[in-house]
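In: generate a structure from the sequence data that follows.
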Amino acid sequence: MEQTFENILTSLLEAYENKPEQDIDVLIENKCQEWNLPEEQINLLKETNGLIDCFNEHANSLEKAKADGWSRKRWMLNEMDRITDGRSEEEKAQIASAISDTNEKVIEETTAKE
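Out: Numbering: from 1, shown residues only. Below is the predicted model of the structure:
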């Protein structure tokens with residue numbers, strides 16, 4: 001089997017799924033050594049794992065908020081408050097601008113596909 005990123009990630013996720021009690025970071029290290037992966041691919045796998053964990057945490061948080069009767073909007077505003085708490089007004093403005101820019105891009109891409 002060719003060692004594409006997709007194949008490596010799929011194999012890694014299957015190994016974790018077969019034994020979910022294992023430490024994912026240790027599994028990544030062991031598999032990377034086993035497959036003799038270059039540092040760039042190792043870092044990409046670690047970054048991807050971090051993104052999966054982050055997505056999972058936020059999905060669980062949203063699910064809990066909905067179970068507690070919160071709307072998606074209320075949950076999102078609460079998350080924004082958490083993210084911006086203690087930041088300067090300039091940093092808050094940069095975050096708001098980045099979110100606005102991303103939102104516009106999503107709308108443009110969605111409209112273009114329709």
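
In: could you list the low-confidence segments of this structure?
Out: In the prediction, the chain carries residues with pLDDT under 70 at positions 1-2.

In: helices along that one, start to end?
Out: 5-18, 24-35, 39-67, 72-84, 89-113 (DSSP state H).

In: turn the ones you listed into TSV, including mean neighbour count.
Out: Every residue, glycine included, has its C-beta placed from N, CA and C. Below are the helices of the chain laid out as TSV (neighbours: other C-beta atoms under 10 Å):
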stretch	mean neighbour count
helix 5-18	13
helix 24-35	14
helix 39-67	12
helix 72-84	12
helix 89-113	10
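
In: the residue nearest the centre of the chain and Val106: what is the separation?
Out: Geometric centre of the chain, nearest residue: Leu51, 2.6 Å, by C-alpha atoms, centre = their mean. Separation of Leu51 from Val106 (C-beta to C-beta, to the nearest Å): 18 Å.

In: so how far is stretch 67-79 off the chain centroid?
Out: Relative to its chain's centre, stretch 67-79 lies at 19 Å (C-alpha atoms, centre = their mean, to the nearest Å).

In: cool, stretch 64-73 as well?
Out: In terms of C-alpha atoms, centre = their mean, the centre of stretch 64-73 is found 20 Å from the chain centre.

In: where's the closest residue to Leu62 other than its chain neighbours relative to Thr84, distance?
Out: Of all residues not flanking Leu62 in the chain, Trp75 sits nearest, at 5.5 Å (C-beta to C-beta, 6 or more residues apart in numbering). Using C-beta to C-beta, we find Trp75 at a distance of 15 Å from Thr84.

In: ok, Leu51 next?
Out: 21 Å.

In: check Ile28 too.
Out: 32 Å.

In: same check, this time on Cys32
Out: Per C-beta to C-beta, Cys32 is found 36 Å from Thr84.

In: check Thr111 too.
Out: 29 Å.

In: likewise for Ala98?
Out: Taken as C-beta to C-beta, the span from Ala98 to Thr84 is 12 Å.

In: can you check Gln33 too?
Out: 41 Å.

In: and Ile28, how far is that from Leu37?
Out: Distance from Ile28 to Leu37, by C-beta to C-beta: 10 Å.

In: fine by me, we can end here.
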